[in-house]
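*Asks:* below is the sequence, then the predicted model.
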Amino acid sequence: MRPKTYLEKVMQKKELGKRGEEIALQFLKKKGYRIIERNYVCKMGEMDMIGKEKDTLVFIEVKTRATTEFGPPQLAVHASKQRQLSKVALNYLNEKKLKEVKARFDVVAILLGPLGEEIELIKDAFELCWP
């Protein structure tokens, strides 16, 4: 079997991410979240999902991995990623003219391993980070 090309690896990673987002969407709906935006994009970056849980606006980052070779998926939401997500969230709040709204960041960590799906929801995963 020939080694995968760089393009094949990138495409495989994108497919894994898409699959993870679909799994997260169904999981969050079952938990009572109402998803209002998917793949929100602005000049600051992208947010996988934006939803509501009760009276709280939730900015959601989904991380999916096939193995734990490089650690669990949630470790990919490191300090620089948190800063970038914070900028996207602030842009969204400003764009939608949402001033006095309760908001938080959640991370959905998905491991698609040989034993099936492992899903972990980390509510209030991090605080708003200033650049």
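*Replies:* That came through, no problem. Note that the coordinates shown come from a computational prediction; the quantities given were computed from them, not determined experimentally.

*Asks:* can you give me the helices for this structure?
*Replies:* 6-30, 79-95 (DSSP state H).

*Asks:* report the buried residues of the shortest one.
*Replies:* If I follow you right, that is helix 79-95. 81-82, 84-92 (16 or more other C-beta atoms under 10 Å). Glycine gets a C-beta too; all of them are placed from N, C-alpha and C.

*Asks:* skipping its backbone neighbours, what lies nearest the residue minimising distance to the centre of the chain in space?
*Replies:* In the chain, the centroid-proximal residue (C-alpha atoms, centre = their mean) is residue 61; its distance is 1.5 Å. Closest residue to residue 61 in three dimensions, ignoring its sequence neighbours and counting by C-beta to C-beta, 6 or more residues apart in numbering: residue 107, at 5.1 Å.

*Asks:* where does that neighbour land on pLDDT?
*Replies:* In this model, residue 107 is scored at 97, pLDDT.

*Asks:* show me what it is bridged to.
*Replies:* Beta bridges link residue 107 to residue 61, residue 122 when assigned by DSSP bridges.

*Asks:* need the contact list for it.
*Replies:* 60-63, 74, 77, 121-122, 125-126 (C-beta atoms under 8 Å, 6 or more residues apart in numbering).

*Asks:* now the residues you listed in a markdown table, with distance to residue 33 and pLDDT?
*Replies:* Below are the contacts of residue 107 laid out as a markdown table (distance: C-beta to C-beta, whole Å; pLDDT from 0 to 100):
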| residue | distance to residue 33 | pLDDT |
| --- | --- | --- |
| 60 | 8 | 98 |
| 61 | 14 | 97 |
| 62 | 12 | 97 |
| 63 | 17 | 94 |
| 74 | 18 | 90 |
| 77 | 18 | 93 |
| 121 | 9 | 98 |
| 122 | 14 | 97 |
| 125 | 14 | 96 |
| 126 | 18 | 95 |
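
*Asks:* that's all I had, so thanks and see you.
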